[in-house]
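*Asks:* got a structure for you, letters missing:
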């Protein structure tokens, strides 16, 4: 009887934990976050333009929507900011979860959404403050006229303020998501399949027997 044994390929199958996406460097991850943020910004601005045009154009951007007691009112530009924030942040969360923070993301899609939106609320409040300062005619930081005289889309104060506010809040958004929403260890450990030894692999061998 002659026995031919295949070479053991023990260790060729890595444990499940090693099959997770590699953790990118800080600079690489921030670049990814920036790319996703750029896509979200495009979505945000596109929705801003649509909402503004439906409302009658940029000349109505500072229309009062809710008249509050005192000197502060809820203006249409604030409503646009909040709606666009929600839409863009849900979009950004989905992409960041699958790409930027893939190695840290929880298995359930909704598990980190609340935290991501909470971080986004902080960024949105800061961004809204920036946008109001850049668009309110009484603000000392209002974008100057000219060139921002609202005569065309490229001269629309509201559009440029939206982009500037998003850019100004992106570093805060990234850092808070890094240390809280997608912090290292936030992804639950996956149990290794039964039947595997502590190294995560088993020797696989076969025998061909012939007389």
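*Replies:* That came through, no problem. Please read these numbers as outputs of a predicted model, since none were measured by experiment. Numbers count the residues shown, from 1 in each chain.

*Asks:* now the most centrally placed residue in the chain: how far from residue 115?
*Replies:* Centroid-nearest residue in the chain: residue 92, 3.4 Å away (criterion: C-alpha atoms, centre = their mean). Residue 92 is 13 Å from residue 115, where distance means C-beta to C-beta, to the nearest Å. Bear in mind the C-beta positions are built from the backbone N, C-alpha and C, glycine included.

*Asks:* about what we covered before: tell me the contacts of the residue nearest to the centre of the chain?
*Replies:* Counting by C-beta atoms under 8 Å, 6 or more residues apart in numbering, residue 92 makes contact with 36, 37, 39, 40, 116.

*Asks:* Now do the buried residues in the host helix or strand of it.
*Replies:* Taking DSSP states H and E as the criterion, residue 92 maps to helix 76-95. For helix 76-95, a neighbour-count test (16 or more other C-beta atoms under 10 Å) marks 76, 77, 78, 80, 81, 84, 85, 88, 89, 92, 93, 95 as buried.

*Asks:* Which secondary structure element of the chain has the lowest mean pLDDT?
*Replies:* strand 207-210 (a mean of 41; mean pLDDT, DSSP states H and E).

*Asks:* still on that earlier bit, for the residue nearest to the centre of the chain, report the pLDDT, please.
*Replies:* Here, the pLDDT recorded for residue 92 equals 93.

*Asks:* No more questions from me, cheers.
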